[in-house]
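1. turn this into a structure:
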Amino acid sequence: MTPKNSPTAAPWRNFYGRRHGKTLRPSQQTYLEEDLAELSPGPVDWESNPERRPLDLAGLFGEREVWLEIGFGGGEHMVHQAVTHPEAGIIGCEPFINGVAMLLGKIRAAGAENIAVHPGDARDMFDVLPEASISRAFLLYPDPWPKKRHHRRRFVTPEHLSPLARVLKPGAQLRVATDIPDYVRQTLEQVPRHGFRWTAEGPADWREPWDDWISTRYEQKALREGRVPHYLTFLRD
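-> You can find the predicted model right below:
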């Protein structure tokens, strides 16, 4: 075990949220046992990569540009993007193992071959992604942490945005979708402080989804409950 005072020791990072939900179905357990290791992007966790060596993205995806989805939920959007854009390789990060199992089933059904899966915290992925290596990032319906005292847990805080900015290429696109007005406020307040420019020129630019969008189950729930989705696009300066 690496000593806590070692330069390669894992930093202390609070994790808020669930890693496990209801009992997995036998088919989902099979997906995890048979498919997950093969879809690994490489050594991400501290035990397997204590020196935090950068991932070999060319070895993973060849000459494809690389995209990143942060918290892919049930995986429907990521699989849709992979099938729609075979010219890109997509890495997804999701610590909720039930969502990972759902994604693996969708990958099997779609036959997608340009996806890598990290079943863990996106912050660990940021540690091992090469600088300026990601061409597009997605943050879709992140946990809203609605209580004011929990706003510091949201993704759109310096702890997450600074390393995200480091790994995005100049001109890379960051897409954020949320149905929570205060999350919109915090996103528009914080993201431009970390080297991003909001691209909206009129209301349609945040009221209408992207051309290659697929509505997720989280969005469908929001619509049923009368909440209004916002679609925010930023470019890395």
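
2. continuing past the worst-scoring helix or strand of the chain on mean pLDDT, what's the next helix or strand?
-> The weakest-scoring helix or strand in the chain, judged by mean pLDDT, DSSP states H and E, is helix 26-35 (a mean of 88). Later in the chain than helix 26-35, the nearest helix or strand by DSSP states H and E is helix 57-61.

3. pLDDT wise, what is the spatially most central residue of the chain at?
-> In the chain, the residue lying closest to the centroid (C-alpha atoms, centre = their mean) is residue 70, at 0.8 Å. As predicted, residue 70 sits at a pLDDT of 97.

4. same question for the one 5 residues further on.
-> The confidence metric pLDDT takes the value 95 at residue 75.

5. roughly how far does it sit from residue 227?
-> According to C-beta to C-beta, to the nearest Å, residue 75 and residue 227 sit 22 Å apart. C-beta: built from backbone N, CA, C; applies to glycine.

6. these two: who's more crowded?
-> Higher neighbour count among residue 75 and residue 227: residue 75, with 26 against 14, using other C-beta atoms under 10 Å.

7. what's the neighbour count on residue 61?
-> 19.

8. do the same with residue 56
-> 11.

9. give me the element residue 186 is part of.
-> Residue 186 belongs to helix 181-190, assigned by DSSP H and E.

10. so after that helix, what's the next helix or strand?
-> Next element after helix 181-190 (DSSP H and E): strand 196-198.

11. so how far is residue 140 from the residue nearest to residue 227 when sequence neighbours are not counted?
-> Excluding its sequence neighbours, the residue lying closest to residue 227 (C-beta to C-beta, 6 or more residues apart in numbering) is residue 179, at 4.0 Å. Going from residue 179 to residue 140 by C-beta to C-beta gives 11 Å.

12. rewinding a little: need the contact list for the residue nearest to residue 227.
-> Contact analysis of residue 179 by C-beta atoms under 8 Å, 6 or more residues apart in numbering lists 141, 219, 222, 227, 228, 229, 230.

13. at 6 Å what do you get?
-> 222, 227, 229 (C-beta atoms under 6 Å, 6 or more residues apart in numbering).

14. and the strands in this structure, which stretches?
-> 65-70, 88-93, 115-118, 134-140, 168-178, 196-198, 230-236 (DSSP state E).

15. need the ones you listed in JSON lines (columns: distance to residue 162).
-> Formatted as JSON lines, the strands of the chain follow (distance: least, C-beta to C-beta, whole Å):
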{"stretch": "strand 65-70", "distance to residue 162": "14"}
{"stretch": "strand 88-93", "distance to residue 162": "17"}
{"stretch": "strand 115-118", "distance to residue 162": "19"}
{"stretch": "strand 134-140", "distance to residue 162": "14"}
{"stretch": "strand 168-178", "distance to residue 162": "11"}
{"stretch": "strand 196-198", "distance to residue 162": "11"}
{"stretch": "strand 230-236", "distance to residue 162": "12"}
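
16. tally of neighbours for the closest residue to residue 62 other than its chain neighbours?
-> Leaving out its chain neighbours, the residue that sits closest to residue 62 by C-beta to C-beta, 6+ apart is residue 89, at 7.8 Å. Using other C-beta under 10 Å, residue 89 has 24 neighbouring residues.

17. list the buried ones in stretch 135-145?
-> Neighbour counts over stretch 135-145 (16 or more other C-beta atoms under 10 Å) mark 135, 136, 137, 138, 139, 140, 141, 142, 144, 145 as buried.
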